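Visitor: Have a look at this fold, sequence not included:
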């Protein structure tokens, strides 16, 4: 049993639950991304605690946090930093941008122009940035949580497939249920203030738990039949009639790591097909491109993932 994962997840869920009402599935997927060392794209309308969840996660994990509010005029140097000339010493010194952190929240990432979007690619893939020809390493915990509003299209730039492929998960954050929204009101009535996280009395996790939990996820056993099952699922997306673009080999690797994280969160040190099925929607939904004629018929990438999972034989 992955004991370190269980300790970390149990503690993190408890502390997050003191601030975030409901959103259990989204929180589980956020934690899975952190266990895998990946990045996540959070999609949901404004005001449903996407930013707050990431800030609280950073607080309880004792990780540094920076936020970038995206606008159409945001330049790469605004994110990465730049070399600044010091007149007193006649030398250049690096002014580090917000990318030099552990958890980076990129708010409304689809408002960023393509040049700045591409500047994030190296950081997300290699955990380093290049400024004026010099490479600078980023934190080993560097994780991008990017948000986008699903209903706004004016003044936005669609994320290119190459960047979407760098996100381990696309997490859909829905409206809270009616009873959860009542609980939110009750908390505010009792004095809850999300702007002062330090005053909420949240207990941070032991700094050794997250690295140990990541090692346990990496060491999880996978049977050969499960390898074939995951590969077949992604391969079927490449010739699925409703799709013009299927999953890449990077998607297959992401599916394995995500399934391993979900298995460890369930207390198992081995993978079963249900772990793969649970990981497939958030791993694949943003990597698949539905044909325009299929979109007109109301077919979504989530629907295609469900159909692919039904069509692929489950290993015994």
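Guide: Everything's here; your move. Keep in mind that what you see is a predicted model, and the values were worked out from it rather than measured.

Visitor: Where do the helices of the stretch 101-250 of the chain begin and end?
Guide: 114-126, 161-164, 178-189, 209-218, 224-238, 249-265 (DSSP state H, counting those that start in this stretch).

Visitor: May I have the phi/psi pair for the residue sitting furthest away from the middle of the chain?
Guide: Distance from the C-alpha centroid of the chain peaks at residue 88, with 42.8 Å (CA atoms, centre = their mean). Backbone torsions for residue 88, taken as degrees, to the nearest 10, come to phi -70, psi -30.

Visitor: Out of the helices of the stretch 101-250 of the chain, which gets nearest to residue 13?
Guide: Smallest distance to residue 13 across the helices of the stretch 101-250 of the chain (CB to CB): 9.5 Å, for helix 249-265. (Each C-beta comes from the backbone N, C-alpha and C, glycine too.)

Visitor: same for that closest one, what does it pack against?
Guide: For helix 249-265, the packing partners by 3 or more CB pairs under 8 Å, 6 or more residues apart in numbering; DSSP states H and E come out as helix 3-17, helix 24-36, helix 209-218, helix 224-238, helix 273-284.

Visitor: got the angle for it vs helix 3-17?
Guide: 90 degrees (axes from the mean of the first three to the mean of the last three CA atoms, to 10 degrees).

Visitor: which residues sit against helix 249-265?
Guide: 2, 5-6, 9, 28, 31-32, 35-36, 38, 165, 168-169, 213, 216-218, 220, 222, 227, 230-231, 233-234, 247, 269-272, 275-276, 278-280, 282-284, 287 (CB atoms under 8 Å, 6 or more residues apart in numbering).

Visitor: Now do the same contact list for the spatially most central residue of the chain.
Guide: A centroid search over the chain (CA atoms, centre = their mean) returns residue 40, at 1.5 Å, as the residue closest to the centre. The neighbours of residue 40, taking CB under 8 Å, 6+ apart as the test, are 29-30, 33, 143-146, 167-171.

Visitor: Any chance of a markdown table for these, columns distance to residue 200, neighbour count and pLDDT?
Guide: Formatted as a markdown table, the contacts of residue 40 follow (distance: CB to CB, whole Å; neighbours: other CB atoms under 10 Å; pLDDT from 0 to 100):
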| residue | distance to residue 200 | neighbour count | pLDDT |
| --- | --- | --- | --- |
| 29 | 23 | 27 | 95 |
| 30 | 18 | 25 | 95 |
| 33 | 23 | 26 | 96 |
| 143 | 22 | 26 | 95 |
| 144 | 25 | 22 | 95 |
| 145 | 20 | 29 | 96 |
| 146 | 25 | 28 | 93 |
| 167 | 29 | 25 | 94 |
| 168 | 28 | 30 | 95 |
| 169 | 26 | 26 | 96 |
| 170 | 29 | 22 | 95 |
| 171 | 23 | 28 | 95 |
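
Visitor: What is the nearest of those to residue 107?
Guide: When the contacts of residue 40 are compared for distance to residue 107 (CB to CB), residue 146 wins out at 7.9 Å.

Visitor: So what pairs up with the closest one in the strands?
Guide: residue 41, residue 106 (DSSP bridges).

Visitor: again, but for residue 136
Guide: For residue 136, the beta-bridge partners under DSSP bridges are residue 129.

Visitor: Thanks again, I'm all set now.
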